[in-house]
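Student: Predicted model follows, preceded by the sequence.
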Amino acid sequence: MGNIRIKDENMNKTTIITNVQTRLFELQDLKYRDFHAKLMPTVNKEKIIGVRTPALRVFAKKYGKTDEAKEYLQMLPHQYYEENNLHGLLIEQIKDYDTCLEELERFLPYIDNWATCDMLAVKVVKKHLDTFIDEVYRWMESDHAYTIRFGISMLMRYYLEDAFQMEYPEKVAQIRSEEYYVNMMRAWYFATALAKQYDKILPFVEKQKLDVWTHNKTIQKAIESYRITPEQKEYLRGLKIKK
């Protein structure tokens, strides 16, 4: 009986995966795949189906209401990039904070690119920012590049306005990594922080608290932002470190 049950479960799992992949390939846009693949050099092009994000969101919203979706969340790792994105969008639909965290914990180690990482907004955490910060700090201390990036992205998304504290940018400044996608997120964080907390964040640039690459990339991204004033941009230009 045990073998039969295992066989049935495996058949069910295969059916669910095949069903999802079939639906995703029905949404395929090959030109979009070719364009998007160039933006994600860490992902094998053969693993990209080519589904535009709005179409994937529509599918995820409908699929998330099915019982099958709960089973799909247990099926890691996935074969295709879009399956990972679907997984992330399904996690976003979880309304229970603790359950959402559990699913995030299982999923984060499987993220292998910046786009899947940055898509995750998990808005349910907004009501738990006082305790969620502990998870954010833990992720930022991970040895997995995209888990670190996700932690920083959560700081940037939810802790730069009313919940802002000076210890948060200090934590990001202290990160030292050789990973391009970690340091790019650090620069993005500080550029966004300059737009929202200019006077408090400026000393990080003035006192050169970041490594040279992240320092200069922060200034570049801040100068590109419409939320930074022309006067601020002019001053920031003068703070670039010449290598």
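Tutor: Thanks, I have it. Numbering: from 1, shown residues only.
Student: Only C-alpha atoms from now on, for both contacts and neighbour counts.
Tutor: Noted.
Student: how would you label the residue lying closest to residue 189 once chain neighbours are set aside: helix, strand or coil?
Tutor: Among residues not flanking residue 189 along the chain, residue 156 sits closest, at 5.6 Å (Cα to Cα, 6 or more residues apart in numbering). Secondary structure, DSSP: H, G, I helix; E, B strand; the rest coil: residue 156 is helix.
Student: any idea how far residue 29 is from residue 156?
Tutor: Residue 156 is 32 Å from residue 29, where distance means Cα to Cα, to the nearest Å.
Student: Compare these two (neighbour count), which wins?
Tutor: Between residue 156 and residue 29, counted using other Cα atoms under 10 Å, residue 156 has the larger neighbour count: 22 against 13.
Student: Residue 186 is in contact with the more buried one, correct?
Tutor: No: look at residue 156 against residue 186 with Cα atoms under 8 Å: they stay out of range, at 9.4 Å.
Student: ok, back up a step: okay, the residue nearest to residue 189: pLDDT?
Tutor: Note on residue 156: pLDDT of 98.
Student: how near is it to residue 64?
Tutor: Counting by Cα to Cα, the gap from residue 156 to residue 64 is 27 Å.
Student: same question, residue 91
Tutor: With distances taken as Cα to Cα, residue 91 is found 9 Å from residue 64.
Student: more crowded one of the two?
Tutor: More crowded of residue 91 and residue 64, by other Cα under 10 Å: residue 91, with 23 against 20.
Student: Run through the residues that contact that one.
Tutor: Going by Cα atoms under 8 Å, 6 or more residues apart in numbering, residue 91 touches 100, 103-104, 122.
Student: Phi and psi next, for it.
Tutor: phi -60, psi -40 (degrees, to the nearest 10).
Student: Sketch out the low-pLDDT regions of this protein for me.
Tutor: 1-11 (pLDDT under 70).
Student: give me that answer again for 90
Tutor: Counting by pLDDT under 90, the chain shows low-confidence ranges at 1-14, 67, 242-243.
Student: residue boundaries of the helices in it?
Tutor: For the chain, applying DSSP state H gives helices covering 2-26, 30-39, 53-63, 67-72, 81-92, 97-107, 114-119, 129-140, 145-158, 167-174, 180-196, 198-206, 212-224, 230-237.
Student: residues in contact with the last one?
Tutor: Right, helix 230-237. Contacts for helix 230-237 (Cα under 8 Å, 6+ apart): 219, 222-223.
Student: If we only consider the residues you listed, which is nearest to residue 129?
Tutor: Nearest to residue 129 among the contacts of helix 230-237 is residue 222, at 26.1 Å by Cα to Cα.
Student: What count of nearby residues applies to the closest one?
Tutor: If you count neighbours by other Cα under 10 Å, residue 222 ends up with 26.
Student: show me what contacts it?
Tutor: Counted by Cα under 8 Å, 6+ apart, residue 222 has contacts 191-192, 194-195, 228, 233.
Student: returning to what we had before: between the contacts of helix 230-237, which sits nearest residue 12?
Tutor: residue 222 (49.8 Å).
Student: doesn't residue 45 make contact with residue 37?
Tutor: Yes: judged on Cα under 8 Å, residue 37 makes contact with residue 45 at a distance of 5.8 Å.
Student: Quick check: phi and psi on residue 162?
Tutor: When quoted as degrees, to the nearest 10, the phi and psi of residue 162 stand at phi -60, psi -30.
Student: What of residue 76?
Tutor: Torsion angles, degrees, to the nearest 10, at residue 76: phi -120, psi 150.
Student: Since that was my last question, I'll sign off now.
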